[in-house]
Each structure stands twice: as C-alpha cells, then as structure tokens.
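**Student:** no FASTA, just this:
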C-alpha cells in the first residue's frame with residue numbers, strides 16, 4: 001500500500017475539514033478518529049450529539065478536532081434553507097421543501113461544503129450511491145473544468161506476487177453505465193487529473209477495448225478511438241492511446257508486438273473501460289482474484305469533493321476515503337489558486 005501511505009503523508013501536510021453525514025454509525029466514528037489521530041483531517045460528524053458522544057467515549061482524541069452537529073437543531077439551518085431555495089428555486093424549491101431536504105444528512109453535509117464550512121464530504125455507509133451522488137450534484141455542482149461526474153478506483157498492486165507494483169486508476173467502474181465517446185473522453189481526462197493530483201503519477205491513458213490497433217472492426221471500437229482522439233484534441237498534454245486491449249496496455253512484451261508505435265502501450269497507469277459493465281467486472285476481478293487493494297469508488301468532476309462509501313464498508317474504508325477526500329480538497333484548492341493567478 002505504499003502509494004496510499006504516500007498519499008497520507010501528503011495529506012498530513014495540508015489537513016482539511018471533512019464532514020461525515022452518518023455520524024451515528026460506529027464505522028464512521030472509528031474511521032474518523034483514526035484520521036484525526038493521524039493528523040490529516042479535522043472532522044464534523046452529523047447526527048444526534050448524545051448518540052455520537054457515546055460512540056466517541058472509548059477513544060482518545062483531541063476534542064477540538066471533532067465537531068458534532070445535529071442538523072435537526074443547528075444554527076446553520078436558516079442560512080442553509082435560504083441558500084437551497086436560491087439554488088433550486090428554478091426547480092420549484094420552497095422554504096418548506098428546503099427544510100425537509102436539509103433534514104437529510106447528506107444534503108446538510110454538502111451545504112457545509114458548498115458554503116466552505118467544510119472542504120469535503122463523505123457518506124454512503126447507510127445511504128445509497130444514488131442518494132449520495134444526487135445530493136452532491138445538486139448542492140455542490142460540477143467543476144467547470146469538466147462536463148460530467150464520474151468515478152474511479154485506485155487499485156493498489158502491493159503484494160509480493162504482483163509482477164506490477166504501485167497504483168493504477170480504473171475508470172469508470174461505479175457510476176456512468178454506458179458512456180458515449182464524448183463522455184468517455186471526459187472520464188479519461190478527469191481520471192488522468194486524479195492520477196496526477198492524488199497519486200503524483202504522470203498519467204498515461206489507455207482507452208481499453210477488445211481490439212488493439214484495429215485488430216477488430218466494430219462500433220464499440222470506434223467509440224474508444226473517438227474518445228482517444230477527443231482527449232488529444234482537448235488535452236494535448238496527456239499521453240493517450242486506443243483502441244488497446246488490457247494486456248497490450250500494461251505488459252511491455254505484449255505491447256511490442258501489438259502496438260509497437262504507441263507511447264502509452266505497455267506502460268499505461270490510467271485504464272479507461274468502455275462501459276460500467278466492463279469496468280465493474282474488471283475491478284472486482286482484480287480485487288478478488290488478483291488480490292489488488294481497491295479504494296473507491298471515488299467521485300470526480302465535482303466543484304468540491306464529495307465521496308461515496310459502500311454500505312458494506314468497514315472503519316478502514318472510511319479512514320481511507322477521508323484521506324482521499326482530503327487530497328482531493330487540496331487539489332481543488334491548488335486548481336482554484338492557479339485559475340485566479
């Protein structure tokens with residue numbers, strides 16, 4: 001897990017404020033306390049303060065690094081209601097509806113992020129992915145650098161038996177079901193930016209297919225080639241190639257015979273799957289059979305970070321997602337600073 005530990009070390013240099021919507025969940029509390037102890041985050045836990053305090057009681061931590069907020073009786077609520085009405089008035093949002101929506105912890109958490117009371121949010125231990133993503137899109141919104149929200153997994157290859165070592169980005173394995181060529185190009189660009197900002201990788205993007213360099217002719221092959229061409233046009237700074245089969249993408253000896261002229265083949269570290277079905281199967285196979293360590297799905301393309309947990313997560317998964325969210329928040333801060341300078 002060396003790439004992840006390096007991510008944590010970088011996060012410790014730039015701690016951020018992360019809000020966790022499901023503060024009454026023991027897994028959330030344990031993961032949050034660990035993040036605070038390791039010095040890369042201060043956290044806000046949402047829920048009934050008495051219940052959360054009871055869960056926190058066994059832990060030794062600095063109390064000023066963990067804030068408890070009950071959305072049912074918070075001083076923030078009036079201002080949040082006003083902001084949500086303003087934000088969603090074109091969709092028929094009223095003050096009464098806004099109060100109902102802000103009673104939902106994921107919405108309250110994302111309003112904290114929107115109004116800069118927190119730098120990122122994490123939810124999903126009890127909520128569905130649809131609820132988490134919908135709230136993030138409606139309240140935080142899409143980053144102006146991208147045109148859509150997608151997701152990725154960080155796949156860690158750290159076992160002694162792994163021939164490859166280090167981290168790969170797999171996208172999209174958790175959100176966009178059947179992207180067209182334009183959407184696929186946006187997924188590739190966002191994933192490459194995530195690889196750079198989170199893992200300090202020099203991204204090399206492989207647009208994956210069942211074909212390598214025209215070995216098969218099919219509209220699905222045309223789609224990934226279109227996406228590769230669009231990335232080259234939109235971001236000429238990013239090395240990208242397609243159509244490439246998986247083995248040609250990551251194994252130099254295979255790429256030498258299948259794609260000898262490619263600047264990416266054999267050394268790709270950002271793998272873009274043609275659809276969710278392929279990506280989801282691939283990451284689970286790599287995790288369950290290949291024993292890769294999977295972190296995600298991590299959301300990308302939002303104006304500020306908001307991330308989703310699996311409902312089957314444990315405290316370690318919560319801790320890791322907080323670390324990733326801190327790193328994303330730092331990357332967003334740097335991007336804004338560069339835009340303004």
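**Tutor:** Perfect, thanks for sending it. Given the structure is predicted, the values throughout are model-derived calculations rather than measurements.

**Student:** Any stretches of the protein with poor pLDDT?
**Tutor:** Along the chain, the model assigns pLDDT under 70 to residues 1, 339-341.

**Student:** per-domain residue ranges of it.
**Tutor:** 2-141+302-340, 150-293 (automatic domain parsing).

**Student:** can you put the ones you listed in CSV and add mean neighbour count?
**Tutor:** C-beta coordinates here come from the backbone N, C-alpha and C atoms, glycine included. Output for those, formatted as CSV (neighbours: other C-beta atoms under 10 Å):
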stretch, mean neighbour count
domain 2-141+302-340, 19
domain 150-293, 20
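
**Student:** Assess the claim that residue 118 and residue 41 are in contact.
**Tutor:** No: using C-beta atoms under 8 Å as the test, residue 118 is too far from residue 41 to be in contact (10.2 Å).

**Student:** shared neighbours of the two, which are they?
**Tutor:** Common neighbours of residue 118 and residue 41 are listed as 17, 18 (criterion: C-beta atoms under 8 Å, 6 or more residues apart in numbering).

**Student:** For the residue most central in space within the chain, give me the backbone phi and psi.
**Tutor:** Nearest residue to the geometric centre of the chain (C-alpha atoms, centre = their mean): residue 298, 2.0 Å. With angles defined as degrees, to the nearest 10, residue 298 sits at phi -100, psi 130.

**Student:** need the contact list for it.
**Tutor:** Shown in contact with residue 298 (C-beta under 8 Å, 6+ apart): 151, 152, 153, 154, 194, 307, 321, 324, 328.

**Student:** which residues of the stretch 101-250 of the chain fall in strands?
**Tutor:** With DSSP state E, counting those that start in this stretch as the criterion, the stretch 101-250 of the chain has strands at 120-123, 150-157, 166-171, 205-208, 240-244.

**Student:** that's a helix at residue 88, yeah?
**Tutor:** Yes: assessed with DSSP: H, G, I helix; E, B strand; the rest coil, residue 88 lies in a helix.

**Student:** distance of it from residue 131?
**Tutor:** Going from residue 88 to residue 131 by C-beta to C-beta, to the nearest Å gives 16 Å.

**Student:** Ok, residue 179 next?
**Tutor:** The value you get for residue 179 to residue 131, if C-beta to C-beta is used, is 22 Å.

**Student:** now residue 285
**Tutor:** 28 Å.

**Student:** repeat for residue 293
**Tutor:** For residue 293, the distance to residue 131 (C-beta to C-beta) stands at 27 Å.

**Student:** And for residue 157?
**Tutor:** In this view, residue 157 and residue 131 are 32 Å apart by C-beta to C-beta.

**Student:** Please apply the same query to residue 192.
**Tutor:** Distance, residue 192 to residue 131, by C-beta to C-beta: 28 Å.
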